[in-house]
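*Asks:* Pasting a predicted model and its sequence here:
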Amino acid sequence: MKLIQKDNIDIILQNTKNTPRMAVCTYFSIDMPEKYAGVYTLFSKLLLKGTKTRSAEDLASIIESNGIETSVKCKQDYIKVSTLFLNEDFDLALDVLSDILQNSTFENFEKEVFKLKGEIVSDLDSPQVKASDALVERVYENHYYGNSLSKTLNDVDKIQKQDVIDVLSQIMNSKKVISIAGDFNDEEKLVDYIVQKFNFMKAGESTSKISDIPVLNLGSDEIIKIVKNDAKQAQIFKGIVVDTQFSEDYPKIVVMNNILGSSGLSSRLFVELRDKQGLAYTVRSALEPLKHSSLFYFYIGTEPKNIVKSLEGFKIEAGKMAKDYVSDVELSGAKENILGRLEYFSQTNMQLASIAGYDYIMGLGLNYEEKYREKLNAVTKEDVLNMAQKHLLNNAVISVLAPDEYLENV
């Protein structure tokens, strides 16, 4: 893998010989909060709905008839537009991608707004999604990251088509990169082609206007109660803000998370709360990294009568990790599990191009994955204990969804 900067365009190349399909990912940094919650989501949904020279139907026909896979992904920190195609379709696929990024007309705006509202209502009909949405909104209150599904549903009718069009201008002035993985013989020729075809991808000069994460300063655990009287299962999330991927502590938190609850059947939460106590239908912990924050949370789906017992179970397992060293078997097993997943999801050209582009646009640097693996391997039992003491005993935001009668004593 190498970074080439030519004519102020950043290009990442990974030459994977004897592979039949090439992946190209364009990443654009999000440096501004949304004008209204949902603007970036609408942008991602409308980007493939036709260009000045190709209707939505024309685009769909070209993409489908040639087996070209083109997608748009919108996250809090970036927008990713990617395409995967057979090597012989290189010129056509790149021409389509360039056309989409330069000439999108964002047609069917009202239709997509209507569809988005329907999708959000459907998503929020899921008790688990509703509880998770409330957690994120509170943890990142008064911050762009807190633009939840509920907020988007409230704001979406305020969004005008021009707001979506403005996003394109905005991201074209932000940090961006083209990440390519595939079999190519002439690197110089490939770079020249990309520079010519994607001259609009010149590096932007804007700086991030995303503010720091407000500190919640909780005096105790804060509980959000969501009444859903027809719920057969209580949904419980317990979340805390932890260090970002830029921190030296981040790999240590990843290992701690794996041992506690993200490794499935062998994790402590699964063994203790599901297997031994029979509390859970589903139980886990998870870590969601963002550029300006990382959210660590516990989750359990359980019978409503077990809410208090489940919260106590979270507290007990956190206390154990903060008191005693994990075993050698747990530590080595966690590392094997994490490294195995990293290896598994680093196989295809699309995965390789996506990882390299993500690391670069997030500011983690080129070849971050290699350094990350080294840091994971270096994590000790002392590190895990220190991370548990630093984070797991902190006051948290807790979101609980259940029938009203079960929330009275929470």
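*Replies:* Nice, thanks for sending it over.

*Asks:* Only alpha carbons, please: show stretch 278-294 as CSV.
*Replies:* Presented in CSV, the C-alpha positions along stretch 278-294 are these (Å, rounded to 0.1, in the frame of the first residue of the first chain):
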residue,chain,number,x,y,z
GLY,A,278,-30.6,-17.0,32.7
LEU,A,279,-31.3,-13.3,32.5
ALA,A,280,-30.7,-12.6,28.9
TYR,A,281,-32.0,-13.4,25.5
THR,A,282,-29.2,-11.3,24.2
VAL,A,283,-26.4,-9.6,26.1
ARG,A,284,-23.1,-8.0,25.0
SER,A,285,-20.9,-5.0,25.3
ALA,A,286,-19.8,-2.9,22.3
LEU,A,287,-17.4,-0.1,21.3
GLU,A,288,-18.3,2.5,18.6
PRO,A,289,-15.3,4.7,17.7
LEU,A,290,-15.8,8.1,16.1
LYS,A,291,-13.3,10.8,15.3
HIS,A,292,-14.1,13.0,18.3
SER,A,293,-15.4,10.3,20.7
SER,A,294,-15.9,6.6,21.3
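
*Asks:* and the most centrally placed residue in the chain, what does it touch?
*Replies:* Closest residue to the average C-alpha location of the chain: Lys75 at 5.8 Å, with Cα atoms, centre = their mean. Shown in contact with Lys75 (Cβ atoms under 8 Å, 6 or more residues apart in numbering): Ile30. For every residue, glycine as well, the C-beta is placed using N, CA and C.

*Asks:* That one and Thr53, how far apart?
*Replies:* 29 Å (Cβ to Cβ, to the nearest Å).

*Asks:* Same question for Ile4.
*Replies:* Note on Ile4: its distance to Thr53, by Cβ to Cβ, is 29 Å.

*Asks:* Comparing these two, which residue is more hemmed in?
*Replies:* When Ile4 and Thr53 are compared for neighbours, Ile4 comes out ahead with 16 against 11, by other Cβ atoms under 10 Å.

*Asks:* Report the beta-bridge partner residues of the more buried one.
*Replies:* Note on Ile4: beta-bridge partners Ile11, judged by DSSP bridges.

*Asks:* got the contact list for it?
*Replies:* Counted by Cβ under 8 Å, 6+ apart, Ile4 has contacts 10-13, 191.

*Asks:* Let me see the ranges of the strands in the stretch 201-350 of the chain.
*Replies:* Under the criterion DSSP state E, counting those that start in this stretch, the stretch 201-350 of the chain contains strands at 222-227, 234-242, 280-289, 294-302.

*Asks:* Mind giving me the packing neighbours of the shortest one?
*Replies:* Read it as strand 222-227. helix 127-139, strand 397-402, helix 404-407 (3 or more Cβ pairs under 8 Å, 6 or more residues apart in numbering; DSSP states H and E).

*Asks:* State the mean pLDDT of the longest one.
*Replies:* For helix 127-139, the mean per-residue pLDDT is 98.

*Asks:* mind putting the strands of the stretch 201-350 of the chain in TSV, mean pLDDT included?
*Replies:* TSV is the format used below for the strands of the stretch 201-350 of the chain (pLDDT from 0 to 100):
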stretch	mean pLDDT
strand 222-227	98
strand 234-242	97
strand 280-289	94
strand 294-302	97
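
*Asks:* Find the residue ranges of this protein scoring beneath the pLDDT cut-off.
*Replies:* For the chain, residues meeting the criterion pLDDT under 70 lie at 205-206.

*Asks:* still on that earlier bit, for Asp359, find the nearest of the strands of the stretch 201-350 of the chain.
*Replies:* Set against Asp359 and scored by Cβ to Cβ, the strands of the stretch 201-350 of the chain come closest in strand 280-289, at 11.6 Å.

*Asks:* Just give me how far that closest one sits from the chain centre.
*Replies:* Relative to its parent chain, strand 280-289 has a centroid offset of 15 Å by Cα atoms, centre = their mean, to the nearest Å.

*Asks:* partner strands of it, parallel or antiparallel?
*Replies:* strand 294-302 (antiparallel).

*Asks:* okay if I get the strands of the stretch 201-350 of the chain as a markdown table plus distance to Glu137 and mean neighbour count?
*Replies:* Listed next are these as a markdown table, based on distance: least, Cβ to Cβ, whole Å; neighbours: other Cβ atoms under 10 Å:
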| stretch | distance to Glu137 | mean neighbour count |
| --- | --- | --- |
| strand 222-227 | 9 | 15 |
| strand 234-242 | 11 | 24 |
| strand 280-289 | 14 | 19 |
| strand 294-302 | 12 | 24 |
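
*Asks:* These: which one's closest to Asp91?
*Replies:* Among those, the nearest to Asp91 by Cβ to Cβ is strand 280-289 (36.7 Å).
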